[in-house]
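>>> fold the stuff below for me.
(one chain, ligands or ions: 1)
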Amino acid sequence: MSAPGGGQAPGGDDAGRRGAGVLGPRCPRCSKPPAACVCDLAAPQPARHRVLVLQHPQESRQPLSSAPLIPLALAGAVVRVGLSWRNLATALGDDPGGTWGVLYLGKKDAPPTGPLGFVTRDGAPAAPTALAGIVALDGTWSQARTLWWRNPWLLKLRRLVLAPGRTSRYGDLRLAARAEGLSTLEAVAETLRALGEPPAVPAALEHLFEQFLARWSAALSAP
Ligand SMILES: [Zn+2]
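Predicted coordinates for the structure are as follows:
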């Protein structure tokens, strides 16, 4: 199990001091600086599974945060900033309408057999279930743990463990905030792919993220 504690300061703020192009006001829709805004590329894809991202308030201040980009590529995706909600319906602002899963944080020492596995509360493999939607926790490992414990209703959801066979597109821009090393957007894309969504759905998410990172990097290196 990799230690999540060391790299708690993601690179966003440091990066912000290096390039004038990533300073200044944030876009109200994607929360990115104008030079890295990707709202012109927004083309939300319909998906069979709904997606709810619970974002820790500290993560919402990170300019490199991937969560605000998710609704630009995924129709109906909901991102909530906060620490606790009474239940899934409150967090979603809507009727969940079926069984939901949550991307679980622990048990890295017992990866599932595929890219995505259902696990029991004890971390043992569980039978896959048809899901109406998935919840992802957005923040550093410790922030995600805070969200987990502040929202006991998450315990009632099916637990999903992701074992991606790849590393994050963040590259050197941002230290891996979480043990699995993927951004929240990438983790959602990998999960939707494993749940059987058409390839265009995760591809739209990943393409938007790549375009954002390209614009961010270009703004950093601009004079
Ligand atoms: Zn924007």
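>>> which residue packs closest to Asn151, ignoring adjacent ones?
Excluding the flanking residues, the one nearest Asn151 by C-beta to C-beta, 6 or more residues apart in numbering is Ser84, at 5.5 Å. C-betas here are computed from N, CA, C, even on glycine.
>>> quick one: Trp216 is in a strand?
No. Under DSSP: H, G, I helix; E, B strand; the rest coil, Trp216 sits outside any strand and is assigned helix.
>>> what's the pLDDT at it?
Note on Trp216: pLDDT of 92.
>>> and the residue lying closest to it once chain neighbours are set aside, how far is that from Ala144?
Excluding its sequence neighbours, the residue lying closest to Trp216 (C-beta to C-beta, 6+ apart) is Ala36, at 4.4 Å. Separation of Ala36 from Ala144 (C-beta to C-beta, to the nearest Å) stands at 24 Å.
>>> need the strands for this structure, in chain order.
Using DSSP state E, the strands of the chain run over residues 50-55, 78-81, 100-103, 116-119, 125-126, 133-138, 158-162.
>>> surely Arg80 and Ala91 touch.
Yes. Contact criterion C-beta atoms under 8 Å: Arg80 and Ala91 qualify, at 5.6 Å.
>>> shared neighbours of these two, which are they?
Counting by C-beta atoms under 8 Å, 6 or more residues apart in numbering, the residues touching both Arg80 and Ala91 are Leu52, Leu54.
>>> what about the two, which has more around it?
Ala91 (21 against 17; other C-beta atoms under 10 Å).
>>> pretty sure the more buried one is touching Val79, no?
No. Counting by C-beta under 8 Å, Ala91 sits too far from Val79 to count as a contact (10.6 Å).
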